[in-house]
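**Q** build the 3D model from these lines:
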Amino acid sequence: MALSGAGSGTGRAGERRGGERRPEAGGARGSGGTGGSGEGRRTSAVARGGRLSGRILAVLLSLAALGAVGPGGAEANAAPAVCSGRPDKVLEFATGELRVYKKHRYACAVTVAKNPGARRSMYVSLQPRGGHPRVDEGRFTHRAGPVTVHALHRCVRASGKVSGVGRSTGWILC
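**A** Below is the predicted model:
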């Protein structure tokens with residue numbers, strides 16, 4: 001089969017008579033553009049990208065229809081889970097909330113502002129029974145933390161503040 005000019009009818013390099021695109025000499029992986037090493041299985045990047053983008057579009061449209069993507073789809077002030085594990089305790093207060101998570105041997109805590117935006121003082125502390133507290137405090141726009149402690153077979157207590165207002169747990173996860 002001719003690749004270019006004479007006999008191909010198209011005049012473009014790299015094309016066959018049937019319109020199929022043959023890989024260029026430098027563009028094929030490992031085969032050098034010639035030979036029968038799997039060329040029949042390859043598809044053009046345009047066809048592959050078209051199918052892939054169609055699948056992605058279908059998934060995104062499905063998620064948007066369910067309300068999981070886009071503005072107003074999820075709760076506006078819902079913070080992404082920065083701690084791994086299951087949420088165990090949530091304490092709300094006037095300016096924010098304290099969230100405590102548990103996963104296997106570890107406990108994690110984060111304090112989230114109710115109205116994020118301006119920098120304000122925030123504080124989160126997590127202490128295992130018999131251990132020293134882990135603290136994250138400073139001026140943050142959205143959250144303080146996460147702080148994580150080893151809590152296998154130990155109780156923990158957590159406290160959190162946003163702009164001086166906060167709450168504290170007793171000994172939990174015992």
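**Q** for this protein, what spans make up the helices?
**A** 45-66 (DSSP state H).
**Q** low-confidence ranges in the protein?
**A** Counting by pLDDT under 70, the ranges of the chain that qualify are 1-55, 57-80.
**Q** can you pull out the strands in it?
**A** Taking DSSP state E, the strands of the chain run over residues 86-93, 96-103, 106-113, 120-128, 134-140, 143-150, 156-162, 165-168.
**Q** other SSEs contacting the fourth one?
**A** Packed against strand 120-128 by the contact rule (3 or more CB pairs under 8 Å, 6 or more residues apart in numbering; DSSP states H and E) you find strand 96-103, strand 106-113, strand 134-140, strand 143-150, strand 156-162. Yep, even glycine has a C-beta here, placed from its N, CA and C like the rest.
**Q** list the residues that contact V90.
**A** For V90, the contact set (CB atoms under 8 Å, 6 or more residues apart in numbering) comprises E97, L98, R99, V100.
**Q** just put the helices and strands packed on strand 120-128 in a markdown table and tack on distance to V82 and mean neighbour count.
**A** Shown next, in a markdown table, are the helices and strands packed on strand 120-128 (distance: least, CB to CB, whole Å; neighbours: other CB atoms under 10 Å):
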| stretch | distance to V82 | mean neighbour count |
| --- | --- | --- |
| strand 96-103 | 9 | 22 |
| strand 106-113 | 6 | 26 |
| strand 134-140 | 11 | 15 |
| strand 143-150 | 5 | 20 |
| strand 156-162 | 13 | 25 |
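**Q** relative to M122, which of the ones you listed is closest?
**A** strand 143-150 (3.7 Å; CB to CB).
**Q** taking strand 96-103 as reference, get the angle to the closest one.
**A** Orientation check (axes from the mean of the first three to the mean of the last three CA atoms, to 10 degrees): strand 143-150 against strand 96-103 gives 30 degrees.
**Q** adjacent strands (with direction) for strand 143-150?
**A** strand 106-113 (antiparallel) (DSSP bridges).
**Q** can I get the CA coordinates of the partner strand in PDB?
**A** Extracted C-alpha coordinates of strand 106-113, given in PDB (Å, rounded to 0.1, in the frame of the first residue of the first chain):
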ATOM      1  CA  TYR A 106      -6.600   7.100  65.200                       C
ATOM      2  CA  ALA A 107      -8.900   9.900  66.200                       C
ATOM      3  CA  CYS A 108      -9.000  13.200  64.200                       C
ATOM      4  CA  ALA A 109     -10.600  16.600  65.000                       C
ATOM      5  CA  VAL A 110     -11.200  19.800  63.000                       C
ATOM      6  CA  THR A 111     -12.900  23.100  63.900                       C
ATOM      7  CA  VAL A 112     -14.900  24.600  61.000                       C
ATOM      8  CA  ALA A 113     -16.100  28.200  60.800                       C
END
